[in-house]
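Undergrad: Need the 3D shape of this:
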Amino acid sequence: MEIVQMIRVEKTFVLGVALLLFANDATVLARQDGQTRVERSIAASKAVNVTKDLTIRLVADDDLVPDCTAIATDAAGRVLASGPRYLCELLDRDSDGIYDARKLIVEAPSHGAHGLCVDGDTLYYVGDNGVWKINRFSTETAANLKPVRVLEIKTGGEHDAHALRKGPDGFWYLIAGNGTKDSFQLQNVETPQIASPRAGVIWRISPDWSRREVWAEGFRNAYDFDFGPDQTIDTFDSDGERDISLPWYRPTRVFRVRQGQDAGWVSRSWKRSHVDPMMPTVLAELGRGSPTGVLRSPGKRLPLRFHAGVFVLDWTFGRVVFVSDDGKTELVASPSGSEGFAVTDIAAASDGALLVSVGGRRSRGGIYRIDAFKPLAASRFPKLKWDKPHFDGSNAIMHSLQRLRANVAPVIDQVAAEQAVAVLKSDAARQSQVLEAIALLIESLGGLGPGNPKDARGKQQVAAVFDSCRGRLRPKIASETRDAAVSALLHRLEDVSTHGLNGNSEDIGSEKELQISSEDLRRELIRGLAVLEPDSAAVFDAIADDMDKVHSPVDKLFRLIALARIPARRSDDMTERIAEAMIAIPVLIKDSKFNVDRNWTPRMGELFLAMQHRDSLLPSRIVSNQYFGDATHLVWTEKMDPENLERGRHKCLMQSRGKKIDPAVARFIALGPDAVPRNFVYEWLKDDATRPAAWLAMASHPVSRDAEDLQRAAFSVDKRVRDAAVGALRRLGAEVPKRESDSVSIQQWLQRGEAISELKGKVTAGQKIHAARQCALCHDGGKALGPSLSGVAKRFSAADLFRATVDPSHAIPDRYRAKQVLTSDGEIVMGLVVYESVDGVTLMASDGHTKRINVEDIEEMRWSEVSLMPEGLLMGLSDQDVANLLAYLRSL
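TA: From the prediction side, this is the model:
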């Protein structure tokens, strides 16, 4: 077994010095410890896989570009980079193709630029709550360069303002995530196409920065963009990863956007699908990820297949993906094994090769060059054809839809509803026209999105789980119009559910029609019925029948949510069908190996309450179902009444006789008010996975013979277990243990503590020790592997500060508790969590390097009881040295 992360260090812990600063010319020369720069480049390059016909090479390392967030190039071939508190030009003084120095331009922005753009001899960057320009950046010395803010806008957060580019029309374009809603008042053109934006946007700004208009909207958090053909913009928008496996989840998508279009992000629980008539073209769906850089094909140097399309970056999985103009995708680069490759930005080198930066969230920085194995030709960047007018093929339905969606507040529009129903009743309507009509019908009833807490339909019906199939207003259109709409939708649903799509001959060859699947159409028909809320058993049966026909558990769940919108009085058969679906769907999710994330449980809790509101017998039917008891069923117990909860706990307990119990089920039982029989509890104690549940069960009904086990529980990494154990020990009158280190060296230091406390320390001498032992690299540097030491004396007593220094694992703050991962090939990786989702985890080790471990490679993962801060940092110091160090720490 290979130990990747060193847990304890017996001798002095020193990280290599990376930078040597020459203040006169603000140039940083880099030095590598242990490896030459070329050796490090070779090793790092081997850790990244590239597709055929391409090569990759690390050309700038973390010592030059720590936590690199953005890069850019200019017409002279300069390479510019930014990260926290630096913006620099990279230099290759020995012309070996690897940058060995940097020239500082400014010590800004504080969080690193989220966008860099060069216009002649002016450098623009996005950061520090604005867009800033630096004139004559390439000719002036750093001391004379003063950034000037040209636009004030929120930056610094991951959903704030990001990339900036100058368009083919001479205007500035700026993309911003959905965290910049307070900036919409910047729009000041007289007749904006998008009068009331609501989410992430692309701004179009005049060359002098005086006139500003929202060019497109509806993005969640698109980070970068580039200009596509025929007055389009290509961008890469994020998914809602916390909603994965919920029906409204949308993967990361590469959009081709036209002016005025809406990319569909409405709320956390509603994102429009690709078949919505106002959506931009979806060039590709790329699954889970965190979109960062975007770059249009730069010339002809790379192989022919990369000449017409866009490169996009995914930070989470370290992917560089090429998406061609016809929607084909190719993985260009990705990490090999668990080596970090957290890509943040992409730019074109002067010869047409690609430059890709890595960094983000305090991780290791660097820049890689991706080039053709056999370059075709010196690059000449092609002039983009951006002046072709777009044909407006909108019809009366689309005009009405655009008008209603432009409203600030939802409205009921009887005329628009009648207009939509006329199309739905027409036998000649194509599928695309049916989808347009459904969208208009829903919009005529107030549209979809977050519910109003004051809605008369009740709090259960305005929950977020229904944002995708509940009108924001009650469907108060004329009864005959509503009945006609229900009839038309029901007829079409039964027809397509039975016979599939049967478009007429005019549909053949239509790109829009070919993108519509049977499931797409059925979903929208059901969505329309759910919004109409008909008190109809026939509608209930049609949706339930369709639920039985689909195979995907996510598709089934969509139907189940829609059924909760149908107010028809529940018969015994209806109740049973719903209960069976609620038992089956979570198990199908698990068996299909679909991931769920943090929004799964709260949304399912909302669905349960709404279903129970319609049918009070449902909870007992769920618990009584013969298949109830799987760990996935616990999602329905979150909001269940106490009586049925106890029935469920008792049933799960009895089912576990003589069997290995799921840890989640054991915990569910342990948290009940009744005492768990000790024979079950003692069996749970034998297994690491179920031991926390055993401790909880003991703590809820403690007896004296369990005191020793409860004392062990007092050191659990689970706060709820720790608190319960301590409370139980106090009720028993037993001793609450204090953690004692097993390390002899720590005990020896603790014995010296009293003598050290009587010594008067010298701050200046302590500062030198602090610097020599590299404390700031972890505590006050860019990596932030440990808490800031500023004001530490205000948070700790002198004795506690000494204890934390000599015994860092004594009390680890939850925020800085590391995770240990055992991989499927036997590696042990330990580090702070940089990013975690259902797909895997990215850890930062104590050396500042990041490791990405995908979920399929994880054998076991647990919180570590050992601090990343190594023991032995005081090795070799005298008592007076330690007193000096503590004096310096108290001065911070």
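
Undergrad: Next, the buried residues of stretch 665-676.
TA: Neighbour-count burial for stretch 665-676 flags 665, 666, 667, 668, 669, 670, 671, 672, 676 (criterion: 16 or more other C-beta atoms under 10 Å). Where you see a C-beta, it was placed from the backbone N, CA and C, and this is true even at glycine.

Undergrad: same question but for stretch 213-232, I mixed them up
TA: Across stretch 213-232, burial judged by 16+ other C-beta under 10 Å covers 213-228, 231-232.

Undergrad: for the closest residue to residue 536 other than its chain neighbours, helix, strand, or coil?
TA: Counting by C-beta to C-beta, 6 or more residues apart in numbering, residue 536 lies nearest to residue 568, which is 5.7 Å off, once chain neighbours are set aside. For residue 568, the assignment made with DSSP: H, G, I helix; E, B strand; the rest coil gives coil.

Undergrad: burial count for residue 568?
TA: Neighbourhood size, residue 568 [other C-beta atoms under 10 Å]: 17.

Undergrad: residue contacts, it?
TA: Going by C-beta atoms under 8 Å, 6 or more residues apart in numbering, residue 568 touches 534, 535, 536, 537, 539, 540, 574.

Undergrad: Name the nearest residue to the first one, sequence neighbours excluded.
TA: Setting aside the residues directly before and after it, residue 534 is nearest to residue 486 in space (C-beta to C-beta, 6+ apart), at 4.7 Å.

Undergrad: Doesn't the one you found lie inside a strand?
TA: No - applying three-state DSSP, one finds residue 486 to be helix, outside a strand.

Undergrad: Isn't it up against residue 529?
TA: Yes - taking C-beta atoms under 8 Å as the definition, residue 486 is a contact partner of residue 529 at 6.6 Å.

Undergrad: how much space between the residue nearest to residue 536 and residue 332?
TA: 53 Å (C-beta to C-beta, to the nearest Å).

Undergrad: Output the below-cut-off pLDDT ranges for the stretch 651-800 of the chain.
TA: Low-confidence segments of the stretch 651-800 of the chain (pLDDT under 70): 717, 739-745, 771-777, 779-785, 787-800.

Undergrad: mind running it again at 50?
TA: In the predicted model of the stretch 651-800 of the chain, residues 781-783, 794-795 satisfy pLDDT under 50.

Undergrad: In it, mark out all the helices, start to finish.
TA: For the stretch 651-800 of the chain, the helices defined by DSSP state H, counting those that start in this stretch cover 663-670, 678-685, 691-700, 707-713, 719-732, 744-757, 763-772, 775-779, 792-795, 798-806.

Undergrad: Also the stretch 351-500 of the chain?
TA: Counting by DSSP H, counting those that start in this stretch, the helices of the stretch 351-500 of the chain are 396-405, 414-425, 431-444, 479-499.

Undergrad: mean confidence for the first one?
TA: When you say that, I think you mean helix 396-405. Averaged over helix 396-405, pLDDT sits at 93.

Undergrad: residues making contact with it?
TA: The contact list for helix 396-405, computed with C-beta under 8 Å, 6+ apart, reads 262, 277-278, 394, 411, 413, 416, 419-420, 423, 433, 436-437, 439-440, 443-444, 447.

Undergrad: From the residues you listed, keep the buried residues only.
TA: Among the contacts of helix 396-405, those buried by neighbour count (16+ other C-beta under 10 Å) are 262, 277-278, 413, 416, 419-420, 423, 433, 436-437, 439-440, 443-444, 447.

Undergrad: what residue lies at the spatial centre of this structure?
TA: In the chain, the C-alpha nearest the mean C-alpha coordinate belongs to residue 241, at 5.4 Å (C-alpha atoms, centre = their mean).

Undergrad: any idea how far that one lies from residue 137?
TA: Relative to residue 137, and taking C-beta to C-beta, residue 241 is found at 37 Å.

Undergrad: Of all the helices of the stretch 651-800 of the chain, which one is nearest residue 621?
TA: Closest to residue 621 of those, according to C-beta to C-beta: helix 663-670, at 19.1 Å.

Undergrad: okay, that closest one in PDB with CA atoms only?
TA: What follows is helix 663-670 as a C-alpha-only set of coordinates in PDB (Å, rounded to 0.1, in the frame of the first residue of the first chain):
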ATOM      1  CA  PRO A 663     -25.700   2.000   8.700                       C
ATOM      2  CA  ALA A 664     -28.300   4.600   7.700                       C
ATOM      3  CA  VAL A 665     -31.200   2.300   8.800                       C
ATOM      4  CA  ALA A 666     -29.400   1.600  12.100                       C
ATOM      5  CA  ARG A 667     -29.000   5.300  12.700                       C
ATOM      6  CA  PHE A 668     -32.700   5.800  11.900                       C
ATOM      7  CA  ILE A 669     -33.700   3.200  14.500                       C
ATOM      8  CA  ALA A 670     -31.200   4.600  17.100                       C
END
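
Undergrad: helix or strand right after the strand ranked longest in the chain?
TA: The single longest strand within the chain, with elements called by DSSP state E, is strand 828-837. Toward the C-terminus, strand 828-837 is succeeded by strand 840-844 as the next helix or strand (DSSP states H and E).

Undergrad: Direction included, what does that next one pair up with?
TA: Strand 840-844 has the following strand partners under DSSP bridges: strand 828-837 (antiparallel), strand 850-854 (antiparallel).

Undergrad: Spatially nearest residue to residue 246, not counting backbone neighbours?
TA: residue 603 (6.0 Å).

Undergrad: contacting residues for the one you found?
TA: Neighbours of residue 603 in contact, by C-beta under 8 Å, 6+ apart: 243, 246, 269, 464, 465.

Undergrad: Turn the residues you listed into JSON lines, columns for distance to residue 92.
TA: Formatted as JSON lines, the contacts of residue 603 follow (distance: C-beta to C-beta, whole Å):
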{"residue": "243", "distance to residue 92": "45"}
{"residue": "246", "distance to residue 92": "49"}
{"residue": "269", "distance to residue 92": "50"}
{"residue": "464", "distance to residue 92": "53"}
{"residue": "465", "distance to residue 92": "56"}
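
Undergrad: out of the residues you listed, which is most surrounded?
TA: residue 465 (27 neighbours).

Undergrad: rewinding a little: kindly reformat the contacts of residue 603 as CSV containing distance to residue 91 and pLDDT.
TA: Converted to CSV, the contacts of residue 603 look like this (distance: C-beta to C-beta, whole Å; pLDDT from 0 to 100):
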residue, distance to residue 91, pLDDT
243, 45, 91
246, 49, 96
269, 50, 88
464, 52, 91
465, 55, 95
